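> quick check, what structure comes out for this input:
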Amino acid sequence: MRIKDICVLGGSGFVGSALVHRLSAAGYNVKVLTRRREASKHLILLPYVQVIECDVMNDAALAQQVAGSDAVINLIGILHEDKNLTFKTIHTDLPIRLLGICERLGVCRFLHMSALQASVDAPSAYLRSKGAAEVALMAHQGNTQITIFRPSVIFGRGDGFINLFAKLVKLMPVIALAKPDAKFQPIWVEDVAQAFVSSLENIDTYGKQYDLGGPRIYSLKGIVQFVVFLLGKKRKIVGLNDKLSYLQAYALEKMPIKLMTRDNIYSMEVDSVTNGEFPKVFGFQPTALEAIVPDYLANDNPRNAYNKFRGLAGR
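Take a look at the predicted model:
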């Protein structure tokens with residue numbers, strides 16, 4: 001199967017930006033669908049990339065943009081619900097509708113972003129909505145070939161995970177940490193993007209689901225301790241028990257900007273770790289957290305900044 005034209009939903013986000021850069025570098029023609037073209041200026045100047053405003057909730061508008069594509073990649077997801085956007089609408093209904101459009105228009109390839117530990121009987125609504133989509137997509141019988149990716153938490157420059165804790169560490173002398181023993185297997189955003197690109201024209205990935213995790217497993221407290229160390233701060237980390245974790249999340253979800261919700265707590269009741277090695281089909285091994293995070297947090301560390309200035313001065 002020769003793929004040339006690719007339509008990406010969610011291409012202007014954190015993972016999407018990394019993926020679109022790789023697709024462009026590989027010579028694919030990429031159409032990025034976005035709600036606001038202005039928010040995707042960082043992609044507009046890339047070769048072979050079009051950025052187009054589209055209401056993906058409108059089937060007619062979506063079909064118009066998908067038409068003529070050889071492959072469609074869906075990266076759209078939300079961490080928190082609100083009155084207008086529910087997990088079911090975004091994580092379950094949208095990918096099912098999108099696959100139906102792809103099948104009707106003769107799109108040969110469909111790549112979908114899910115989440116590690118997604119399941120219809122998972123403890124959180126977030127994971128259940130992702131799991132329901134997986135079940136429906138994998139049950140599909142048609143000509144559009146599907147591959148599903150299930151990453152653990154994704155890190156990288158501009159992420160909403162490590163950077164969130166970095167902000168908290170800089171602002172708060174004591175970190176009250178919900179679910180401190182929750183386990184994660186963080187994977188670099190560039191490795192996730194490479195897995196997508198590697199699977200596009202690989203028939204061995206058709207009809208498969210892939211769990212994606214980095215080379216090491218960490219507790220949430222361990223990750224925060226690592227951030228504290230990199231920033232050169234002295235901070236006390238107080239791990240909260242399950243009841244206090246729940247109460248903290250309940251309070252935080254009432255804020256105008258939701259840093260955490262009770263559903264996030266439920267998600268952390270299952271460890272976000274894989275059951276085996278990184279899939280060999282992609283032809284590479286994932287990069288460790290320790291090899292990447294110090295680089296993009298370095299400017300926040302006075303010692304590293306000082307050493308950088310010394311280097312520039314030739315000392």
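> output the below-cut-off pLDDT ranges for this protein.
1, 299-315 (pLDDT under 70).
> all strands of it, in order?
Assignment of strands within the chain using DSSP state E yields the ranges 5-9, 29-34, 49-53, 71-74, 109-113, 145-151, 154-155, 174-177, 183-184, 187-188, 208-212, 218-219, 236-239.
> okay, those strands in a markdown table with distance to G283 next?
Bear in mind the C-beta positions are built from the backbone N, C-alpha and C, glycine included. Supplementary listing: the strands of the chain in a markdown table, determined by distance: least, Cβ to Cβ, whole Å:
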| stretch | distance to G283 |
| --- | --- |
| strand 5-9 | 20 |
| strand 29-34 | 22 |
| strand 49-53 | 25 |
| strand 71-74 | 19 |
| strand 109-113 | 17 |
| strand 145-151 | 15 |
| strand 154-155 | 20 |
| strand 174-177 | 37 |
| strand 183-184 | 25 |
| strand 187-188 | 16 |
| strand 208-212 | 13 |
| strand 218-219 | 25 |
| strand 236-239 | 38 |
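> in TSV, list these along with mean neighbour count.
Shown next, in TSV, are these (neighbours: other Cβ atoms under 10 Å):
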stretch	mean neighbour count
strand 5-9	25
strand 29-34	23
strand 49-53	17
strand 71-74	26
strand 109-113	24
strand 145-151	22
strand 154-155	25
strand 174-177	16
strand 183-184	20
strand 187-188	24
strand 208-212	19
strand 218-219	18
strand 236-239	14
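> for N202, which of these is the nearest?
Between N202 and these, the shortest gap by Cβ to Cβ is with strand 145-151, which sits at 8.7 Å.
> need the contact partners of the closest one.
Residues from elsewhere that reach strand 145-151, judged by Cβ atoms under 8 Å, 6 or more residues apart in numbering: 1, 99, 108-118, 134, 137-138, 140, 187, 192, 195-196, 199, 203, 205-213.
> that strand vs strand 208-212, what angle?
The directions of strand 145-151 and strand 208-212 differ by 20 degrees, with axes from the mean of the first three to the mean of the last three Cα atoms, to 10 degrees as the criterion.
> direction included, what does strand 145-151 pair against?
Partner strands for strand 145-151, per DSSP bridges, with pairing direction: strand 109-113 (parallel), strand 208-212 (parallel).
> I'd like those laid out as TSV, including distance to A166.
As requested, the strands paired with strand 145-151 are exported to TSV (distance: least, Cβ to Cβ, whole Å):
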stretch	distance to A166
strand 109-113	25
strand 208-212	23
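> for I257, which of these is the nearest?
Going through the strands paired with strand 145-151 one by one, with Cβ to Cβ as the measure, strand 109-113 comes closest at 23.7 Å.
> and stretch 276-285, what's buried?
By neighbour count, and taking 16 or more other Cβ atoms under 10 Å as the criterion, the buried residues in stretch 276-285 are F278, P279, F282.
> ok, residues contacting that stretch?
Residues external to stretch 276-285 that are found in contact with it (Cβ under 8 Å, 6+ apart): 191, 194-195, 198-199, 202, 204-205, 210-213, 215, 286.
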